[in-house]
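Colleague: Quick one, what's the 3D model for this:
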Amino acid sequence: MPPSLTAALQEWESLEKEYHQIQESHRLYLQKLDEVSKLQSNCSSSIAHQRSRLKDMSQLVKKCNKERLTEEDVKTLDEIKEHIKARPNTFFEMEAFLPKKNGLYLNLVLGNVSVTLLSKQSKFAYKDEYEKFKLYLTVLLLLFAFMCYFFVSYRFVDAIFNFLLVWYYCTLTIRESILISNGSRIKGWWVFHHYVSAFLSGVMLTWPDGYLYQSFRNQFLAFSLYQSMVHCMQYYYQSGCLYRLRTLGERHNMDLTVEGFQSWMWRGLTFLLPFLFFGHFWQLYNGLSLFKMARLPDCKEWQVSMCGISFLILFMGNFLTTVAVVRTKLKSKDQAKPKGQREALCVTMEDVEAESSTQPEAMEEEDPLFSNLDLFLFTLIAGLIIYWFMSRKKAEPIPEFKKLDQPAPSTRDTSFIEKMKRTGRNIVVFYGSQTGTGEEFANRLSKDAQRYGMKGMAADPEEYDMSELSRLAEMDNSLAIFCMATYGEGDPTDNAQDFYDWLQETDGKLDGVNYTVFALGNKTYEHYNAMGVYVDKRLEELGAKRVFDLGMGDDDGNLEEDFVTWREQFWPAMCEHFGVEASGEDSSIRQYELKEHNDINMNKVYTGELGRLKSFETQKPPFDAKNPFLAPVTVNRKLNKAGDRHLMHLEVDITGSKIRYESGDHVAVYPTNDTAIVNKLGQILGVDLDLVISLNNLDEESNKKHPFPCPTTYRTALTHYLDIIHPPRTNVLYELAQYATDPKDQENMRKMASSAPEGKALYQSFVLEDNRNILAILEDLPSLRPPIDHLCELMPRLQARYYSIASSSKVHPNSIHICAVLVEYTTKTGRLTKGVATTWLKNKLVADNGHKSTVPMYIRKSQFRLPFKASNPVIMVGPGTGIAPFMGFIQERGWLKEQGKEVGETVLYFGCRHKNEDYLYQEELEEAEKTGVITKLNVAFSRDQDQKVYVQHLLRTNKEDLWRQIHTDNAHIYICGDARNMARDVQTAFYEIAEELGGMTRTQATDYIKKLMTKGRYSLDVWS
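Modeller: Residues are numbered from 1 along each chain as shown. The predicted structure is shown next:
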């Protein structure tokens, strides 16, 4: 036999012998395991039997009459009582090492898997691992909250933080349930409050970004920061205290650190109580703040009230439980004082044992206190009662109208269907409007309905439940008209955002709903009339019936003419569709009635406020379009060195306003009209401009009670609320024509309001080309002297002006920079026309007669953002005042470099007329290039040479570098400035570069750039 085979056979015999030994060992193991299982079952049933007998024994002992017993019998009976009292604790210790069924919560999460750990080492190891998990996650949450509060303000980062909180609290509830199953004695509320905290964090996670979220965000993060710091401090001191008490035998080995207060902490840890109570009252403050927020008319998020209730429950539970522990401890100490130190120690030991709500032999002195269920029910009921009181909307008194007007209803009616049925209307005109034009067109259409034998109402989709749209089919001859403007790069306007979201998400049917759409946009933008086109298409997809073709209004051409042409074709078609006849009424229809106030408290009169009366005197955040912040002007300097233009740089202070902004956002400012023009209007119309008046809606059901805040003076209305500089639209001329005493003037005004070719031509030449505002028209038509109240009713609202912010919040957290050019030109009639906002900004001196000049402003968020990865290259193209957002970008990239971050190439293409005249921010840009913040500075001086050079020419010159940065290095492209010419020419230059260096056709190059737009790598912030 070969030696190798002999060795193999010997090895196999050895393996066989070892295998049989393993089989025997495994058989013995299974046998012992079966014996252990039987012992476990026997022990469990015996303990249950003992408990039942002990209960019966307790009843027998109570029946014994001590008066009939000897002293020795009484002593024996007392000993039995002591044993009965101590026995359950022994059973509790025994059961910690016996398998038991999972509770409801663990059964739902884990199923029937046993979580009982059968050795002390396993229990202690799991408990220590739990403590480490809690400490590490608390430190992580502390750092995350610190980062979000001080450095990062992105919503998705907040979402990560809230998700981490949800996961943390959910994990704690599971681990604590396992520890309780293994003998750990955790106070009931300190477990239950983790369930509430998990729910609260989940609600915060789902809270959509917006003004309400942003106004509460910092408060919540500050609270989370404080809470995490206190938890870290508690863990540090509690772990040491528990170690000492366990060593002395005064605490159970499975006892844990907690986020609240228990009686064993009394010795050495009472200093934690002020920190805990402060945190509890902060929870109360959070809850009350949220309830107050829930009462705001703009509050639509259910998360606000849910978070408020959660914080209130946390406060009530934490506060009452902590107070109960302190009360019990003080009571036990008072009882122990007369008995000396030894008995006092005994009381303390007994109180320690009584601390656990899971111990069946809890001290008799704790019996009167609330159980965990009592605490939960009490806090829930108290929370709901407080919420009910807080959320009740009280009818706000309107002192100035007490004898004149009906107070506003205490609750807002969100059902436009019920309102239409109640008021006999069959046409509703919804508008999406950013600058007021869409709303103006909607009002005109709703007034038109009366002329055509129908009855309409204009409606803001933000104020109504748009899911009721399907119910419009319930009404005979009903129609929904949508005047939808497109904002920015194909986005819905602010007030149409919720409607847009609903259209995207809904799968409901709109069968039987008649509709038509008029879209407002500008052809110079990439996504021309995108919102109107989408609404028109989506309504058809949902089953609604288009009864008239989509109207397309182009503000780059003549938006008014587009609307009038569409409108005059639309109404006859509607009359034919619904089988009705026009009423033939062609007279003016007043929407508001004048009321003069000769004796009124001037403290009740609006002086320029946009929402809340006296909001400019007592500023309260959050600040938004209806509640702007009065920001003091700290810098106002001229940027250009020479030339006939005036380019300016302003800085406004936002310290203490809680306003946050990011590079690329827009600042909205509310300008006022020139006082000279206002005074001249009053002089021509022969009125007292300081007369206090109100214009009240004749339609009592209308949500819009006044065309502007009332009561106010004519002077305030013409200065702060009405646009008197823009050429009036045709409907204004039509309404005012009746007041012209010269028949020829009256005829021409009505002709300009028609859709006839000669009327359009007259309006184009007399109003638009000559740029006549209402004052110029009154001056040139001496027979026209309308009542000023009707003029105020017809004039559009003066809108906020948006400017790209020229600073970074990383470098200037308390300041916002504005870059603007003064608009000023002479019209064909020889009149000097000045831009409303830029003239107003130019005159905002830092110190005006000893007073600081202020600018009413708020922030509008933008998608014009630097890349998330700072290492991505950026290519910025911004001639003229288009440089504004890039000043913020450059500041932020410089700040990132100072922080040691890897920053990619930063390339700027800037253009101006002359280097020595209007080279904006020359010193700052050249310094940034010198320090390496700007990788390459490219400047086109268009008029310093015979042949004009623009930024698109420089792009073509640097085409190789550009193509590498875009195609290879994933550069992000940003364009800011004129939309009509510059943005198109720059985009064409990129097409040509892609064609030449990418080997593409023009169609492929166009698709390539569009894909960059889709990916967020080609961004525009342009205007026309």
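Colleague: Residue 482 - that's part of a helix, no?
Modeller: No: if the criterion is DSSP: H, G, I helix; E, B strand; the rest coil, then residue 482 is strand and not within a helix.
Colleague: Confirm for me that it is in contact with residue 516.
Modeller: Yes: applying Cβ atoms under 8 Å as the test, residue 482 and residue 516 come out as touching, 7.4 Å apart. All C-beta spots, glycine's among them, are computed from the backbone N, C-alpha and C.
Colleague: Neighbour count: those two, which is higher?
Modeller: Shown here are residue 482 and residue 516; by other Cβ atoms under 10 Å, residue 482 has more neighbours (25 against 22).
Colleague: Report the separation between that one and residue 505.
Modeller: Distance of residue 482 to residue 505, computed by Cβ to Cβ, to the nearest Å: 18 Å.
Colleague: Could you do residue 170 as well?
Modeller: Distance, residue 170 to residue 505, using Cβ to Cβ: 28 Å.
Colleague: Looking at these two, which is more packed in?
Modeller: Per other Cβ under 10 Å, whichever of residue 170 and residue 505 has more neighbours is residue 170, with 18 against 8.
Colleague: Helix, strand or coil: sort out the more buried one for me.
Modeller: Residue 170 - assigned by three-state DSSP - is helix.
Colleague: which non-adjacent residue is nearest it?
Modeller: residue 198 (5.1 Å; Cβ to Cβ, 6 or more residues apart in numbering).
Colleague: Would you mind pulling up the elements that the helix or strand where the one you found lies packs against?
Modeller: Assigned by DSSP states H and E, residue 198 falls within helix 188-206. Packing contacts for helix 188-206, counted by 3 or more Cβ pairs under 8 Å, 6 or more residues apart in numbering; DSSP states H and E, involve helix 155-181, helix 302-336, helix 372-391.
Colleague: can you do 6 Å?
Modeller: Here helix 188-206 touches helix 155-181, helix 302-336, going by 3 or more Cβ pairs under 6 Å, 6 or more residues apart in numbering; DSSP states H and E.
Colleague: Quick one: distance of the last one to the chain centre.
Modeller: Right, helix 302-336. Chain-centre distance of helix 302-336: 31 Å, with Cα atoms, centre = their mean, to the nearest Å.
Colleague: For it, which residues meet the burial criterion?
Modeller: 303-322, 324-326, 328-329, 332, 336 (16 or more other Cβ atoms under 10 Å).
Colleague: Quick one: work out the angle between that helix and helix 188-206.
Modeller: On the basis of axes from the mean of the first three to the mean of the last three Cα atoms, to 10 degrees, helix 302-336 is oriented at 160 degrees to helix 188-206.
Colleague: just checking, what packs against helix 302-336?
Modeller: helix 188-206, helix 272-294, helix 340-354, helix 372-391.
Colleague: Next, the angle helix 272-294 makes with it.
Modeller: Helix 302-336 and helix 272-294 meet at an angle of 150 degrees, taking the same axes, to 10 degrees as the criterion.
Colleague: Residue 649 is nearest to which of the helices and strands packed on helix 188-206?
Modeller: Residue 649 sits nearest to helix 155-181 of all those, at 30.7 Å, using Cβ to Cβ.
Colleague: secondary structure class for residue 30?
Modeller: Residue 30 - assigned by three-state DSSP - is helix.
Colleague: What about it, how many residues nearby?
Modeller: Applying other Cβ under 10 Å, we find 10 residues neighbouring residue 30.
Colleague: got it, and residue 948?
Modeller: The burial count assigned to residue 948 is 12, neighbours taken as other Cβ under 10 Å.
Colleague: Would you mind measuring from it to residue 799?
Modeller: Counting by Cβ to Cβ, the separation of residue 948 from residue 799 is 34 Å.
Colleague: likewise residue 326?
Modeller: Here the criterion is Cβ to Cβ. By it, residue 326 lies 59 Å from residue 799.
Colleague: Then residue 950?
Modeller: Going from residue 950 to residue 799 by Cβ to Cβ gives 31 Å.
Colleague: ok, now residue 941?
Modeller: Per Cβ to Cβ, residue 941 is found 35 Å from residue 799.
Colleague: For the closest residue to residue 997 other than its chain neighbours, identify the helix or strand it belongs to.
Modeller: Of all residues not flanking residue 997 in the chain, residue 963 sits nearest, at 4.2 Å (Cβ to Cβ, 6+ apart). Using DSSP H and E, residue 963 sits within helix 959-963.
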